[in-house]
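[1] 3D, please:
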Amino acid sequence: MLSIAAFAMVATFMTLIMTRRLSAMIALILVPVAFGLLAGFGGDLGPMMLAGVKDLAPTGVMLVFAILYFGVMIDAGLFDPLIKAITALVRGDPVRILVGTAALAMIVSLDGDGSTTYMITTAAMIPLYRHMQMDVRKMACVIVMAGMVMNILPWGGPTARVMSALKLDASEAFVPLIPAMIATAAWVLFVAWRMGLQERRRLATLPEEAVDEDASGEEVIAQDAATDLRARRPRLLWFNLALTTAVMAALITAIAPLPVLFMVAFAIAMAVNYPRLDDQRERIATHAANALAVGGMVFAAGVFTGILTGTKMVDAMSATVTGVIPPALGPYMAPITAVLSAPFTYFISNDAFYFGVLPILAETASHYGLSTAEIGRASLVGQQVHLLSPLVPSTYLLVGLAGIEFGELTRIALKWSLGACAVFGAACLATGAFPLAAG
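    Purely as a prediction, here's the structure:
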């Protein structure tokens, strides 16, 4: 019964946000509370919810101050040179703009942190999308898909969990996946190209004066709806660049917890760029709505995960799925693991899947002659859809920066991300990263 309640809860949540009956934040709170009450956990829900919120509190704090920090950098004009260079390069062509967005996101994603990828790529590209009247949902789609490809890097998170859970090193878990990553990156560029063609056709139907394809970088910046030219600090460009570079280096080397890192960086950026109290208040007010929306979403996700974990619904879902695999399919545990990894890492956290479910799958597969490394690599196929999960805090940052609803991103990106899963899995089979069946 608990497993049925868990699957029904997930299905109800997805239906409500994709049909736009509720916003993601409201659904993340009300749906698990309702199902928790129906399952008979009424008296225990409060502590469960609080535990989930506490677990995500550092992430929420980090995202709030990261939004404020990068908001200050955008206001001060740190990304203006990049915007000008991109504007000159793409020459007002929607195809070039979308392909360039995907390529830029993959390059920035090399640091393994989704939040900074979203902030930097969005800051650089969204003025051009607004100026060209392009669909920012497509921008968000190619950015998140690019992030999914690079999320496989050993320092990105999921692969590190696989190595830890199965006691593998990077040469065993990651290196054989490089060809599949390249193939999936090509798929992302193909998706960007397709969407660019769609935008080119759509913009061609608009009145000629509605689209300024020959705009200069200065015009794009000046006409961006989110730009306040009075807040620009061109004389501090090199200071801001040095500060941001230092923040990125500190992030990669993990010399300080991320929440503390962004809190200090924001305080320094604000004090140097806007020493007047009135200017500081104005900058904070400008970005407060976005920061509050993302922070609130993260804490709401904490309610969802707290109830899902505290009621043991996660364990019930795992037991149900793994229990229905018949012994006759044992030799095919590698592709089965690949298929299961997509819904599992979408509906439950990476930690729950890689530390709770994957060892069970690997142990089962070992009885049929499959190595733990092969099962570990197969389990990473689902990462090509993972970042669309409502349980991933950084994705709320992306939709907040793009000014769209979570359900809108899901509707436009889910089919392409499932395609990326298929490409990644097929490439893994073709290159021997894991076998179709035990030999």
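
[2] what residues sit buried inside stretch 270-277?
    For stretch 270-277, the neighbour count (16 or more other Cβ atoms under 10 Å) marks 270, 273-274 as buried. Placement of C-beta: from N, CA and C, glycine included.

[3] how about stretch 169-176?
    Judged by neighbour count using 16+ other Cβ under 10 Å, the buried positions of stretch 169-176 are 172-174, 176.

[4] looking at these, spot the one nearest D55.
    Closest to D55 out of the buried residues of stretch 169-176 is A173 (25.7 Å), distances taken as Cβ to Cβ.

[5] doesn't T159 make contact with that closest one?
    Yes - between A173 and T159 there is a contact at 5.7 Å, judged by Cβ atoms under 8 Å.

[6] make CSV out of the buried residues of stretch 169-176 and add distance to L387, secondary structure and pLDDT.
    Shown next, in CSV, are the buried residues of stretch 169-176 (distance: Cβ to Cβ, whole Å; DSSP: H, G, I helix; E, B strand; the rest coil; pLDDT from 0 to 100):
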residue, distance to L387, secondary structure, pLDDT
E172, 24, helix, 85
A173, 20, helix, 85
F174, 18, coil, 86
P176, 22, helix, 91
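
[7] please identify the one among those that lies nearest to I348.
    Nearest member of the buried residues of stretch 169-176 to I348, counting by Cβ to Cβ, is A173, at 20.6 Å.

[8] distance check, that closest one against G114.
    Distance of A173 to G114, given as Cβ to Cβ, to the nearest Å: 20 Å.

[9] same check on F262?
    Counting by Cβ to Cβ, the gap from F262 to G114 is 14 Å.

[10] also F35?
    Distance from F35 to G114, counting by Cβ to Cβ: 29 Å.

[11] neighbour-wise, which of those two wins?
    Between F35 and G114, counting by other Cβ atoms under 10 Å, G114 is the more crowded of the two (26 against 21).

[12] what sits against the more buried one?
    147, 151, 387, 392, 394-395 (Cβ atoms under 8 Å, 6 or more residues apart in numbering).

[13] next one: S349
    305, 391.

[14] from A231, how far out is it?
    Computed with Cβ to Cβ, the distance linking S349 and A231 is 38 Å.

[15] cool, and V324?
    If you go by Cβ to Cβ, the gap between V324 and A231 works out to 58 Å.

[16] looking at the two, which is more packed in?
    Neighbours were counted for V324 and for A231 using other Cβ under 10 Å; A231 has more, 17 against 8.

[17] and the gap between the more buried one and T121?
    A231 is 21 Å from T121, by Cβ to Cβ.

[18] which SSE is immediately downstream of the one helix or strand L128 maps to?
    If you go by DSSP states H and E, L128 is part of helix 114-132. Going down the chain from helix 114-132, the next helix or strand is helix 136-150, by DSSP H and E.

[19] mind saving the C-alpha coords of that following helix as PDB?
    The C-alpha trace of helix 136-150 is given here as PDB (Å, rounded to 0.1, in the frame of the first residue of the first chain):
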ATOM      1  CA  VAL A 136      13.400  31.700 -23.700                       C
ATOM      2  CA  ARG A 137      11.900  28.200 -22.900                       C
ATOM      3  CA  LYS A 138      14.100  26.900 -25.700                       C
ATOM      4  CA  MET A 139      17.100  28.600 -24.200                       C
ATOM      5  CA  ALA A 140      16.400  26.900 -20.900                       C
ATOM      6  CA  CYS A 141      15.900  23.600 -22.600                       C
ATOM      7  CA  VAL A 142      19.300  23.500 -24.300                       C
ATOM      8  CA  ILE A 143      21.100  24.900 -21.200                       C
ATOM      9  CA  VAL A 144      19.700  22.200 -19.000                       C
ATOM     10  CA  MET A 145      20.400  19.500 -21.500                       C
ATOM     11  CA  ALA A 146      24.000  20.700 -21.900                       C
ATOM     12  CA  GLY A 147      24.300  20.600 -18.100                       C
ATOM     13  CA  MET A 148      23.000  17.000 -18.100                       C
ATOM     14  CA  VAL A 149      25.800  15.900 -20.400                       C
ATOM     15  CA  MET A 150      28.500  17.500 -18.300                       C
END
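
[20] next, the angle from it to helix 114-132.
    150 degrees (axes from the mean of the first three to the mean of the last three Cα atoms, to 10 degrees).

[21] which strands or helices does the following helix or strand past helix 136-150 pack on?
    Where DSSP H and E defines the elements, the next helix or strand beyond helix 136-150 is helix 158-166. Judged by 3 or more Cβ pairs under 8 Å, 6 or more residues apart in numbering; DSSP states H and E, helix 158-166 is in contact with helix 170-173, helix 350-351, helix 358-366, helix 372-378.
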